[in-house]
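Engineer: Sequence below, structure please.
(one chain, ligands or ions: 1)
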Amino acid sequence: MIVQIYSLTTVDDVHACSNAGVDHVGVAAGNQDLPASISNEEARTLFEATSDRMRTVALTVETDVDEILDYAEAVDPDILHLCPDVDALTVEQIREINEALPKSMDVMRALDVVDGAVDIAEQLDSVTDWFLLDTATDAVEGIGASGETHDWSISRRIVEATETPVILAGGLSPENVTEAVEAVDPAGVDSYTHTSAGERRKDPEKVRAFTEAARAGSE
Ligand SMILES: O=C(O)c1ccccc1NCC(=O)[C@H](O)[C@H](O)COP(=O)(O)O
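Structural biologist: Residues are numbered from 1 along each chain as shown. Take a look at the predicted model:
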């Protein structure tokens with residue numbers, strides 16, 4: 001079970017995730033107008049502090065293809081996480097982005113899990129390397145950082161209908177992640193709100209508890 005944790009802002013956060021056995025660490029680089037955004041330079045410093053077994057993820061809510069590619073080049077994550085609204089990037093644009101990136105860099109497309117999300121996932125199945133099945137909120141730009149769960153039965157249908165590995169997100173916590181894993185059977189799980197201590201710091205105990213509970217769900 002892959003465990004992905006957002007949004008890291010300090011090297012201490014990286015060490016807390018590493019000590020807890022987290023696999024993917026995510027940042028909102030590029031000084032975006034998001035709660036835990038950091039600069040590209042800060043993001044690269046955090047990535048240098050990761051252990052060899054961890055993969056780095058960087059999100060963008062940008063919708064312009066050239067701007068997205070510039071961001072990917074500047075931050076150089078292992079996984080580029082696209083989280084503008086679903087209709088803001090076409091299938092062809094995501095294909096274009098993925099083909100323009102270095103082969104070693106994956107694309108993760110966030111989807112807002114609502115009615116119709118299964119059809120959208122099927123259309124995107126061949127152009128993205130990962131799905132991040134999430135919950136959107138009007139309070140934050142893009143898809144995610146809501147702290148709210150969605151209808152896990154729709155996420156389960158996406159897991160069954162597509163080949164792309166799914167990371168489940170949206171309101172997951174140490175208390176509900178075991179049940180979520182059992183309900184959806186994803187390749188991985190993600191948390192921001194309920195493993196944080198305020199908007200800009202991770203809570204090491206919550207990160208550890210989340211990681212253990214996620215893996216318990218897949219045993
Ligand atoms: O981290 C952010 O600031 C952020 C902003 C906008 C979209 C996504 C963002 N984070 C990336 C994630 O994928 C979150 O970890 C995911 O949405 C889960 O959020 P939560 O429901 O708060 O656990």
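Engineer: Identify the residue nearest S173 in space, chain neighbours excluded?
Structural biologist: For S173, ignoring the flanking residues on the chain, the nearest one in space by C-beta to C-beta, 6 or more residues apart in numbering is H194 at 3.5 Å. From N, CA and C alone the C-beta is placed, and that goes for glycine too.
Engineer: Next one: whichever strand or helix holds V189, is it in contact with the ligand?
Structural biologist: V189 belongs to strand 188-191 when elements are defined using DSSP states H and E. Yes - for a cut-off given as C-beta under 6 Å from any ligand atom, strand 188-191 has contacts with the ligand, namely 190-191.
Engineer: Using CSV, write out every CA atom in that strand.
Structural biologist: This file holds the C-alpha atoms of strand 188-191, laid out as CSV (Å, rounded to 0.1, in the frame of the first residue of the first chain):
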residue,chain,number,x,y,z
GLY,A,188,-2.3,3.9,-2.4
VAL,A,189,-3.8,6.5,-0.1
ASP,A,190,-3.1,10.2,0.4
SER,A,191,-3.6,12.6,3.3
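Engineer: Neighbouring strands - and their directions - for it?
Structural biologist: Sheet partners assigned to strand 188-191 using DSSP bridges are listed as strand 2-5 (parallel), strand 166-168 (parallel).
Engineer: looking at those strands, which is closest to the ligand?
Structural biologist: Using C-beta to the nearest ligand atom as the measure, strand 2-5 is the one of the strands paired with strand 188-191 that comes nearest the ligand, at 7.2 Å.
Engineer: The next helix or strand after the closest one - contacts with which helices or strands?
Structural biologist: Along the chain past strand 2-5, the next helix or strand (assigned with DSSP H and E) turns out to be helix 11-20. Counting contacts by 3 or more C-beta pairs under 8 Å, 6 or more residues apart in numbering; DSSP states H and E, the secondary-structure elements packed against helix 11-20 are strand 24-27, helix 40-48, helix 204-217.
Engineer: Can you give me the buried ones in the longest one?
Structural biologist: Applying a neighbour-count criterion of 16 or more other C-beta atoms under 10 Å, one finds 204, 206-211, 213-215, 217 buried in helix 204-217.
Engineer: So N31, which state does it fall into?
Structural biologist: Secondary structure for N31, judged by DSSP: H, G, I helix; E, B strand; the rest coil, is coil.
Engineer: Measure how buried it is and give me the count.
Structural biologist: Residues near N31, counting by other C-beta atoms under 10 Å, number 11.
Engineer: And it, how far from F47?
Structural biologist: For N31, the distance to F47 equals 16 Å [C-beta to C-beta, to the nearest Å].
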